[in-house]
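[1] when you get a sec, could you give me coordinates for this:
(chains A and B)
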Amino acid sequence: MKTMKLVSLALFIFLFVGVYAQEEGEEAQEQTRQEGHINENKFRQMYMEFATPNQYRTASGAPGPAYYQNEADYKINVVLDDENSVLTGEETITYHNNSPQDLEYLWVQLDQNIRKKDSPSLQKDSQGLAPVATPARFSEEYLQKPFDGGFNIMEVSKNGNALNYTINQTMMRVDLPEPLKSGEDYSFNINWSYKINNHVTNRARSGYEYFPEDGNKAYVIAQFFPRMAVYNDVEGWQNMQFWGSGEFALPFGSYDVSITVPADHIMEATGSLQNRKEVYSKEMMGRYEQARNSYDKPVLIVTPEEAEKAEKGSSNKTRTWHYKADMVRDFAFSTSRKFILDMMATDVMGKKVMAVSLYPKEGNPLWEDWSTRVVASTLKSYSNHTFQYPYPKAVSVHAKNQGMEYPMICWNYGRPDENGEFSDRVKFGMMSVIIHEVGHNFFPMIVNSDERQWGWMDEGINTFVQYMAEQEFGETYPEAIAPLESYPSRRGQPHKIVPYMKGNQEFIAPIMSNPEEVYQLGNNAYGKPATALNILRETVMGRELFDHAFSIYSHRWMFKHPTPEDFFRTMEDASATDLDWFWRGWFYSTDNVDLGIQEVNKYYITDRPTEAGKEMLERYYSASPEEVEALYVVKEEDPEFSEELKEKTMLESSSTLQEFVMDNFSEEERRNLNAPKFFYQVTFEKPGGLIMPLIVEITYADGTSEKITYPVQIWRRNNNQVSKVIPTSKEITKIVVDPDLETADVDVSNNAWPKTETKNQFEEFKANAEN
Amino acid sequence: MKKFAVLLLCFLVFSSFRAKKHEFYVSVTEIEYKEDPGTLQIITRVFIDDMQKVLNKRYGTQLSLSHEKEEGRVKETIEKYLSQKLKLSIDGNNMQLHYLGKEYEEDRLLLYIEVTNVSSFNTISVTNAILTDLYREQKNVVHVEVGDQIKSLLLEKDREEGTINFHG
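    Numbering: from 1, shown residues only, chains lettered A, B, ... in the order given. Okay, here's the model as predicted:
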């Protein structure tokens, strides 16, 4: 008599469905020759997509032993002609070639050239003539001449000798008489001027706003000087043109900047003010000292009354403000006689940082209440999630329609109406944009990614940290969000990205796309990556593993230039979590998540041979039930099912199992054995392209419930459907996939068993309205 | 359809440059066709403050729209505005739109509209001039979902109507 190990047979039976399905496939194979295929498994590693690790950037995601970065130091003098809105400047750039190569030429960025009247960027979009148009639009598009901006380069020289240069759109190649040797420095001068644009009518990341009531301008000035391009191991010279959407790639360096403006202007800028006593009045100095010790509320350095008095005048004299900054990748400033200025000290992990706000009276009453407090809260939150904020200050400047970041200073929108009233949208819009732009100090000002190539690396990662910082701001200042209980973040929560991810595929691009080429930059570079990282933290990795790895990434690449691979690799390397499937799905494709339940079958155990069991024994072991000790499973619908199975325990239903247990376990061990009564086989389906862990909530007849998370690896052998057996002593009444909407599942109508009549959002609303 | 695809594409690229950090003046309308029982389910998302502003300016009312408190004849006024600004025709026949009500979602207002007795169709034309009377820059994005297909329109002040072809 053939004897078989009962346990292996029991296992064998549980695998039955899977094996049977494969067997059918093999039979089909015999009839037609199938084509082969390459590895298409969703878990295959990213060797094809990732750059090969090397001495500069290692497979662990850390900078390698040969990692280098070039630096650019600037000494700049600029003069603002307020009346004509013209900026004139001269600079000495000292470029440090830390690369192992000699450089025959240097590339300098001329971003203002995007506003030259013949700039190709004005013609980059497709156009169409509408059958009918408003005169205003028609005039703007076809009658008015474009703004005549762009750099006027007056001199490029070294020690008084002109250097050869060639300008290609927004990039200028400076030819060196001798190659700049590896390890050596090169200093040269550039003199220039440009006409400043009105950023309200001529949308841009810098310019001025004109206030017709008092005739003044408020300037937010950036990209105002020829800036060195980045040279590195990844791109060589990153001299991809500035077309408008892809932002900036800039090397670190030291800045020494003198800015001459009308004597009645109030200014803030990147860096530490060097001549505060010369440019501040005695009162301002006294208030400044007070602000340096005020940790709980902002101190007005320039009051609204003083600012309103100043905006009625217009000084003919000038004053020069002198700033210095180290380890920054850029420099920006804001100046106007309209400005109110307030400051507050903030304790950032034991270090004093000044939180500063600069705004015209038009920003009040909102700005005096919240801007500086939001800046302070943001610095603390971000530092906790990354590294201690290394700069001495962070400034939030109010500029209409602007949301733009520079080192230590940023421009932010959010303006009350003429009556000083504002909606929640304006208030939370202002708070969110300040958190976002101040947060950019961390990404990309310090973790200095290449924005020209990868918009998501700063915008997406920053929007993700912004989400956490917003929630923390709401906890710190409940009065700011009342009557809401938590901060109304626009981005970050999984369900908020669903409309984008389930949308028209014609207008969706993978996250790993250049900002110039995507259709919806907001969702592409901000919303989706932020949500993906939030899901990675909350659902895939867990906070402990994620937060550690994210902190490692931030520290490793602080004051350096990371690539996407450096981020992806570090997150895996520091957590022992294989995430190639996650990057491939969420960052390299436009697939979306749709998990569901296909069917649920309830089984009982019996020792009475079933037809299916007999057939299987015959097929695989050429054995009959009499020859083996086996147990069998029956579904309620099967002919072999009898009602008594429902009443009996598993051991009562199967004497073979009972005997096995008696023979193999001591009495004490027997007491600890599970005693399941029901076996549910649940088949899960995955119509969506993305794989995700299967989060399943099971509700039992006694009203209790439990949550089981099957690892994402469950999809590694079958990308379409998988089954799990749930043994239980209690009857199951309900099974729900992703009960807390953690995965951005785009279709939840297949998420529950028994299938409930699921209503979409519209039907839900209609049903509620009718009640 | 090609034309609209190109049009939408250039808008999306262009707008991302113009309104860098924030989507200004955009409404999104989702129209889903349910073959059984033959209805169009329409959800239009607009910003609450824009809607309040346009209604009060247009009709000289003092409506207040917010989660916490609502003042004035809100339902009637929204209904009136929609009847003037949102129009649909199916295979050339103008359809009757039924405004069911609204919901607040953070800073947005969701308007629920239904069209009944719609048998399967080839073309749908949408006129959406919501808020274009308040802002010249207003863009109204319309997604129409029929079965597995989603097609989109971008409508704005000078192009308030668009037509989508299905089955072809």
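
[2] how about low-confidence regions in chain B?
    B:1-24, B:168 (pLDDT under 70).

[3] where along it do the helices fall?
    Counting by DSSP state H, the segments of chain B that form helices are B:2-18, B:48-59, B:74-85.

[4] any idea how far the residue sitting nearest the centre point of chain B is from B:Val126?
    Nearest to the geometric centre of chain B sits B:Thr29, at 4.0 Å (C-alpha atoms, centre = their mean). According to C-beta to C-beta, to the nearest Å, B:Thr29 and B:Val126 sit 8 Å apart. Using the backbone N, CA and C atoms, a C-beta is placed for each residue, glycine as well.

[5] what residues are up against the residue of the stretch 601-750 of chain A found nearest chain B?
    Relative to chain B, the nearest point of the stretch 601-750 of chain A is A:Pro687 (11.1 Å; C-beta to the nearest C-beta). The contact partners of A:Pro687, by C-beta atoms under 8 Å, 6 or more residues apart in numbering or on different chains, come to A:Asp594, A:Gly596, A:Asp747, A:Asn750.

[6] wasn't A:Pro499 part of a strand?
    No. Counting by DSSP: H, G, I helix; E, B strand; the rest coil, A:Pro499 is not part of a strand but helix.

[7] residues near it, how many?
    Neighbour count of A:Pro499, defined by other C-beta atoms under 10 Å in any protein chain shown: 15.

[8] over to the one 10 residues further on?
    Burial of A:Ala509, expressed as a neighbour count using other C-beta under 10 Å, amounts to 19.

[9] so it: helix, strand or coil?
    Classification of A:Ala509 by three-state DSSP places it in coil.

[10] from A:Gly527, how far off is the spatially closest residue to it that is not a sequence neighbour?
    Excluding its sequence neighbours, the residue lying closest to A:Ala509 (C-beta to C-beta, 6 or more residues apart in numbering or on different chains) is A:Val518, at 4.3 Å. Applying C-beta to C-beta, the value for A:Val518 to A:Gly527 is 12 Å.

[11] give me the pLDDT for the most centrally placed residue in chain A.
    A centroid search over chain A (C-alpha atoms, centre = their mean) returns A:Gly460, at 2.0 Å, as the residue closest to the centre. The model reports A:Gly460 with a pLDDT of 97.

[12] the helices in the stretch 451-600 of chain A, which residues?
    A:455-476, A:478-481, A:494-501, A:521, A:528-535, A:543-557, A:564-573, A:580-582 (DSSP state H, counting those that start in this stretch).

[13] is chain B within reach of the first one?
    Read that as helix A:455-476. No. Helix A:455-476 does not reach chain B (C-beta under 8 Å from any C-beta of the partner chain); its nearest approach is 8.9 Å.

[14] show me which positions of that helix end up buried.
    Buried residues in helix A:455-476, counted by 16 or more other C-beta atoms under 10 Å in any protein chain shown: A:455-470, A:472-474.

[15] by contact count, what packs against that helix?
    Here helix A:455-476 touches helix A:366-385, helix A:424-439, helix A:478-481, helix A:528-535, helix A:564-573, going by 3 or more C-beta pairs under 8 Å, 6 or more residues apart in numbering or on different chains; DSSP states H and E.

[16] quick check: buried residues in the longest one?
    So that's helix A:366-385. Buried residues in helix A:366-385, counted by 16+ other C-beta under 10 Å: A:366-368, A:370-385.

[17] stretch A:140-148 too?
    A:Phe147.

[18] which residues are contacting it?
    Against stretch A:140-148 from outside (C-beta under 8 Å, 6+ apart): A:Arg115, A:Lys116, A:Lys117, A:Leu122, A:Lys195, A:Asn197, A:Asn202.

[19] return the member of those residues nearest to A:Leu273.
    Among these, A:Asn197 lies closest to A:Leu273 (C-beta to C-beta), at 26.7 Å.

[20] what is the burial count for B:His167?
    By other C-beta under 10 Å, the residues close to B:His167 number 10.

[21] residue contacts, it?
    B:Asn122.

[22] next: A:Asn97.
    So A:Asn97 contacts A:Asn70, A:Leu103, A:Leu180, A:Lys181, A:Ser182, A:Gly183, A:Glu184, A:Asp185, A:Tyr186, A:Tyr231 (C-beta under 8 Å, 6+ apart).

[23] between the residues you listed, which has the most around it?
    Counting neighbours by other C-beta under 10 Å, A:Tyr231 leads those with 23 neighbours.

[24] quick one: it and A:Leu250 touch, right?
    No. The criterion here is C-beta atoms under 8 Å, and A:Tyr231 misses it with A:Leu250 at 11.5 Å.

[25] quick one on the thing from earlier: tell me which two in the contacts of stretch A:140-148 are the farthest apart.
    Using C-beta to C-beta, the pair of those lying farthest apart is A:Leu122 and A:Lys195, separated by 15.9 Å.

[26] now the residue of the stretch 601-750 of chain A closest to chain B: phi and psi?
    phi -70, psi -20 (degrees, to the nearest 10).

[27] what about it, distance to A:Leu273?
    From A:Pro687 over to A:Leu273 the distance is 59 Å, taken as C-beta to C-beta.

[28] check A:Ile708 too.
    Computed as C-beta to C-beta, the A:Ile708 to A:Leu273 distance reads 59 Å.

[29] residues from the stretch 401-550 of chain A in reach of chain B?
    A:401, A:403-404, A:413, A:423-426, A:428-429, A:433, A:436-437, A:483, A:488, A:490, A:499, A:503-504, A:506-507, A:515-516, A:518-522.

[30] quick one on the thing from earlier: turn the contacts of stretch A:140-148 into a markdown table, including distance to A:Leu87, pLDDT and secondary structure.
    Putting the contacts of stretch A:140-148 into a markdown table (distance: C-beta to C-beta, whole Å; pLDDT from 0 to 100; DSSP: H, G, I helix; E, B strand; the rest coil) gives the following:
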| residue | distance to A:Leu87 | pLDDT | secondary structure |
| --- | --- | --- | --- |
| A:Arg115 | 13 | 93 | helix |
| A:Lys116 | 15 | 93 | coil |
| A:Lys117 | 18 | 90 | coil |
| A:Leu122 | 22 | 84 | helix |
| A:Lys195 | 8 | 97 | strand |
| A:Asn197 | 11 | 95 | coil |
| A:Asn202 | 15 | 78 | coil |
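
[31] just the residues you listed now: which is nearest B:Gln84?
    A:Asn202 (33.7 Å).

[32] the nearest residue to the residue nearest to the centre of chain A once chain neighbours are set aside: neighbour count?
    Spatial nearest neighbour of A:Gly460, chain neighbours left out: A:Pro529 (2.6 Å); criterion: C-beta to C-beta, 6+ apart. Close neighbours of A:Pro529, defined as other C-beta under 10 Å, add up to 26.

[33] contacts only, for A:Pro529.
    A:Trp456, A:Glu459, A:Gly460, A:Ile461, A:Thr463, A:Phe464, A:Ile511, A:Phe587.

[34] make it 6 Å
    A:Trp456, A:Gly460, A:Ile511 (C-beta atoms under 6 Å, 6 or more residues apart in numbering or on different chains).
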